[in-house]
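Participant: Quick one, structure for this:
(one chain, ligands or ions: 1)
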Amino acid sequence: MFSLGNIQILHMNHPDAVKEISICTSLDLGKPSYQVKERGPLLGQGILTSNGAIWAHQRKILAPEFYMENVKNFMSIMVESSNIVVDSWTKRIESEGGVVDINVDEDMRSFSGDVISKACFGSNYAKGEEIFLKLRALQGAMSKKALSSGIPILRALPTKSNREVWRLEKEVRALILKEVKEEKEQTSKDLLEIILKGAKDSETSKAEMDRFVVDNCKNIYLAGYETTSVTATWTMMLLGSNPEWQDRVRAEVLEVCGGQMPDAGMVRRMKTLTMVIHESLRLYPPVCVISREALQDMKFGDIFVPKGVNVWTLIVTLHQDPEIWGSDADKFNPERFANGVSGACKHPHVYMPFGVGPRTCLGQHFAMAELKILIATIVSNFSFTISPKYIHAPALRLVIEPEHGVNLLIKKL
Ligand code: HEM
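Facilitator: Next comes the predicted model:
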């Protein structure tokens with residue numbers, strides 16, 4: 001146990017204890033209240049940080065949208081956004097000649113932001129991008145005041161940074177609601193439309209409906225953007241450093257896609273690429289800790305957790321424990337996933353890049369499809385190696401990201 005200020009934390013990393021947490025379906029094990037307070041302007045009462053009946057209701061409405069059947073509808077957007085990356089690199093290579101040293105982070109971010117904007121706002125995605133930029137600014141403003149957020153009074157004072165946060169929060173809300181109004185006049189099949197329909201079918205007051213729509217749009221953006229882009233960046237770094245795996249992935253993509261753009265059936269058949277992404281998520285899980293709060297007194301096996309105590313499970317240490325993964329735990333070896341996650345190690349339930357239990361990532365099929373389509377498109381157009389400029393320095397920010405970015409030497413095939 002340890003405490004951060006007045007927040008009590010129980011660190012539970014024993015595989016048996018982790019199993020207890022992962023099978024716990026009680027609504028009494030919820031998202032920590034300190035997160036709700038700290039991230040209020042960013043996340044509101046959306047699916048990410050809400051608890052109890054409010055969470056269960058939002059999950060029920062949103063979950064079907066992310067079933068594999070529906071993710072297929074977004075694949076053409078993913079292909080389109082991957083082609084933007086390919087075109088931009090091709091132009092750079094043509095103008096600079098031969099092999100070009102590219103810092104790929106920004107391109108991976110643009111890809112992920114582009115996909116999520118188009119998926120949320122359909123044909124109005126330019127507006128979606130405007131909302132997205134404001135959300136990024138809000139995120140930045142919130143991280144500036146992170147130090148003061150532990151002191152409740154400072155959250156309510158009209159300091160310069162609080163005023164900036166409040167202004168951005170209002171602007172994002174107004175922009176999303178404006179989109180909603182325009183959306184009602186069209187018939188589109190984007191995520192906003194589904195969120196709207198869910199809100200209409202269930203909420204009573206207009207204020208409640210607006211809150212549901214605004215908060216969940218913000219939540220999906222924030223949950224799906226950086227997690228996916230940083231995974232793409234780490235996977236590129238690993239493929240750049242392991243040419244034999246890059247060749248294997250390229251051979252598979254050529255065989256499965258035969259020069260066509262990937263579709264749902266092809267994405268399903270990319271086994272080697274799936275193994276590579278799983279290994280990348282094992283070594284660099286973007287979300288490094290799963291945190292919960294006991295909203296009532298609870299028991300996990302013989303461990304008693306009093307109400308109000310937080311439980312933390314550190315994904316990043318579980319994913320690299322030699323007792324669990326063997327002596328090559330810190331090595332890049334996608335082969336360990338040859339028989340799926342269940343065959344990869346002694347305690348497969350501790351592999352949890354997408355979280356565990358009822359709060360597991362809603363967007364995991366969406367994210368895997370995005371990553372496979374992007375990487376498949378890249379390897380069929382380019383070969384790449386790690387640049388001498390690359391400095392290996394994973395840093396813990398909102399997600400685990402490369403401190404100095406990832407530079408690759410990229411060549412057109
Ligand atoms: C590689 C990419 C991604 C990773 C590694 C990832 C990881 C995670 C993790 C670990 C959680 C659970 C957090 C917890 O239990 O405390 C989570 C939740 C969630 N993720 Fe993802 N995620 C990714 C992409 C996405 C995408 C693309 C979307 C949506 C388009 C998304 C939507 C969500 C939502 C809505 C939740 C909240 C679920 C709930 O609380 O009921 N994620 N994600």
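
Participant: where does D101 land in three-state SS?
Facilitator: At D101 the chain is in strand, as set by DSSP: H, G, I helix; E, B strand; the rest coil.

Participant: Can you get me a residue count around it?
Facilitator: D101 has 14 neighbouring residues, counting by other C-beta atoms under 10 Å. Quick note: C-beta positions are derived from backbone N, CA and C, even for glycine.

Participant: who touches it in this structure?
Facilitator: Remark: with contacts taken as C-beta atoms under 8 Å, 6 or more residues apart in numbering, D101 is in contact with 387, 389, 407-410.

Participant: Quick one: name the residues of the stretch 201-350 of the chain near the ligand.
Facilitator: Within the stretch 201-350 of the chain, the positions near the ligand by C-beta under 6 Å from any ligand atom are 219-220, 223-224, 227-228, 231, 286-287, 290.

Participant: Now with 8 Å, please.
Facilitator: 219-220, 223-225, 227-228, 230-231, 281, 285-287, 290-292, 315 (C-beta under 8 Å from any ligand atom).

Participant: residue ranges for the strands of the stretch 151-300 of the chain, please.
Facilitator: Along the stretch 151-300 of the chain, the stretches classed as strands by DSSP state E, counting those that start in this stretch are 289-294, 298-300.

Participant: So for the longest one, mean pLDDT?
Facilitator: So that's strand 289-294. Mean per-residue pLDDT for strand 289-294: 94.

Participant: Run me through the strand neighbours of that strand, direction for each.
Facilitator: Partners of strand 289-294 in the sheet, by DSSP bridges, are strand 29-30 (antiparallel), strand 310-314 (antiparallel).

Participant: Contacts only, for the nearest residue to V350 once chain neighbours are set aside.
Facilitator: The shortest distance from V350 to any non-neighbouring residue, by C-beta to C-beta, 6 or more residues apart in numbering, is to L318 (4.4 Å). Counting by C-beta under 8 Å, 6+ apart, L318 touches 13, 15, 18, 324, 350-352.

Participant: and D190, how far is that from I220?
Facilitator: From D190 over to I220 the distance is 11 Å, taken as C-beta to C-beta, to the nearest Å.

Participant: list residues touching both of those two?
Facilitator: Common contact partners of D190 and I220 (C-beta under 8 Å, 6+ apart): C120.

Participant: was I right about K412 contacting N381?
Facilitator: Yes. Using C-beta atoms under 8 Å, K412 is in contact with N381, at 6.8 Å.

Participant: And the residue of the stretch 151-300 of the chain found nearest the ligand, what's its pLDDT?
Facilitator: Here the stretch 151-300 of the chain gets closest to the ligand at one residue, G224, 3.0 Å apart by C-beta to the nearest ligand atom. For G224, the model assigns a pLDDT of 91.

Participant: which regions of the stretch 101-250 of the chain lie under the pLDDT threshold?
Facilitator: Within the stretch 101-250 of the chain, the segments meeting pLDDT under 70 span 123-124, 143-156, 183-189, 203-204.

Participant: what do you get if the cut-off is 80, keeping everything else the same?
Facilitator: Along the stretch 101-250 of the chain, the parts satisfying pLDDT under 80 run over 122-129, 140, 142-161, 179-190, 193-206.

Participant: what about the helices in it?
Facilitator: With DSSP state H, counting those that start in this stretch, the ranges of helices along the stretch 101-250 of the chain come out as 105-121, 125-144, 152-156, 160-184, 191-202, 206-241, 243-257.
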